[in-house]
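Enquirer: My questions concern the predicted model and sequence given below.
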Amino acid sequence: MPRFSANISMLYPELPFMERFAAAAADGFKAVEYVGAYDQDPAALKALLDEHALTQALFNMPAGNWAAGERGIACHPDRIPEFRQGIGRAVEYAKATGCDQVNCLAGIAPQGYDRTALELVLIDNLRYAAPRFADAGIKLLLEPINTRDIPGFLVNSTSDYERIASAVKHDNLYLQYDFYHMQVVQGDLIPTFLALQPRIAHVQIADNPGRNEPGTGEINYPNIFRALDEAGYTGWVGAEYKPKAGTSQGLSWFNDWKVSP
Ligand SMILES: O=C(O)[C@H](O)C(=O)CO
Ligand SMILES: [Mg+2]
């Protein structure tokens, strides 16, 4: 049975961030994930996880100025020192919260650069980061994202991931397979998942179009959940979608599948 993690950057938007842990636990989630909580005290995050018996499934490396629209800095030629400092920050928060995987957002391609040159910056940064996360016992992940949701995002497909990973040449660079983004970009969801499963450390879900709850669009999530089970996938499944009619009210997809306490 899949193990679901509530992505509390997107779920429970009506609540202050630190109250979303309790809400996720009350709805039956056993884990949470989020884009990052570097403005919070790591001990306070850990206390919430413990209080609500939640696992910290994932968060992202520091990704630049989120409010200003940045979505990662790993491909930015003039942000290399900042990217590298972010490794220590991510390791600190992962250790404090008991999290064993961290996602890297490649970033939106800055204007005026050739995409191949930006990919080389990304590869160098990942080559630097992968062994450092490995030394800390943390998996480093890279997530392809569609350019309809994030125009200009540099890494968009599983073949982008495969090309970059083969240039990085380090075992500690895994794929974060977001079924929603992959449906928008390339389809063929289950065969691609199965082909890349040894490199997939985390998956995320939302339906298309709309990026709302599973069951609101064209993706057959019951089939996907069965395929994950049959393939022996033991990672978390992150519920990363925009609730259409309130988070708790829209959890019928989850109530059919959730692990009982
Ligand atoms: O948007 C996504 O799918 C990512 O997982 C994320 O963390 C923020 O962009
Ligand atoms: Mg995602």
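Expert: Yes, it's here. Ligands and ions are numbered 1, 2, ... in the order given.
Enquirer: what ranges do the helices span in the stretch 1-150 of the chain?
Expert: Secondary structure of the stretch 1-150 of the chain (DSSP state H, counting those that start in this stretch): helices at 20-26, 42-51, 80-97, 115-135.
Enquirer: which one of these is the most hemmed in?
Expert: Ranked by mean neighbour count under mean count of other Cβ atoms under 10 Å, the helices of the stretch 1-150 of the chain are led by helix 20-26, which reaches a mean of 20. Backbone N, C-alpha and C define where each C-beta goes, glycine included.
Enquirer: hmm, who's touching that helix?
Expert: 6, 8, 11-12, 15, 32, 48-49, 51-54, 247-248 (Cβ atoms under 8 Å, 6 or more residues apart in numbering).
Enquirer: Excluding chain neighbours, what is closest to the residue in the stretch 101-250 of the chain positioned nearest to ligand 2?
Expert: Residue nearest to ligand 2 within the stretch 101-250 of the chain: Asp178 (3.7 Å; Cβ to the ion). Take Asp178 and drop its neighbours on the chain: the residue closest to it by Cβ to Cβ, 6 or more residues apart in numbering is Gln204, 4.2 Å away.
Enquirer: Torsion angles phi and psi at that neighbour?
Expert: Main-chain dihedrals, Gln204, degrees, to the nearest 10: phi -130, psi 160.
Enquirer: about what we covered before: tabulate the helices of the stretch 1-150 of the chain (TSV), appending mean pLDDT.
Expert: Listed next are those as TSV, based on pLDDT from 0 to 100:
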stretch	mean pLDDT
helix 20-26	98
helix 42-51	98
helix 80-97	98
helix 115-135	98
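Enquirer: Can you add distance to ligand 1 and give the ones you listed back as CSV?
Expert: Converted to CSV, the helices of the stretch 1-150 of the chain look like this (distance: least, Cβ to the nearest ligand atom, whole Å):
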stretch, distance to ligand 1
helix 20-26, 15
helix 42-51, 17
helix 80-97, 13
helix 115-135, 16
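Enquirer: CSV for those, including distance to ligand 2?
Expert: What follows is the helices of the stretch 1-150 of the chain, written out as CSV (distance: least, Cβ to the ion, whole Å):
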stretch, distance to ligand 2
helix 20-26, 17
helix 42-51, 20
helix 80-97, 17
helix 115-135, 17
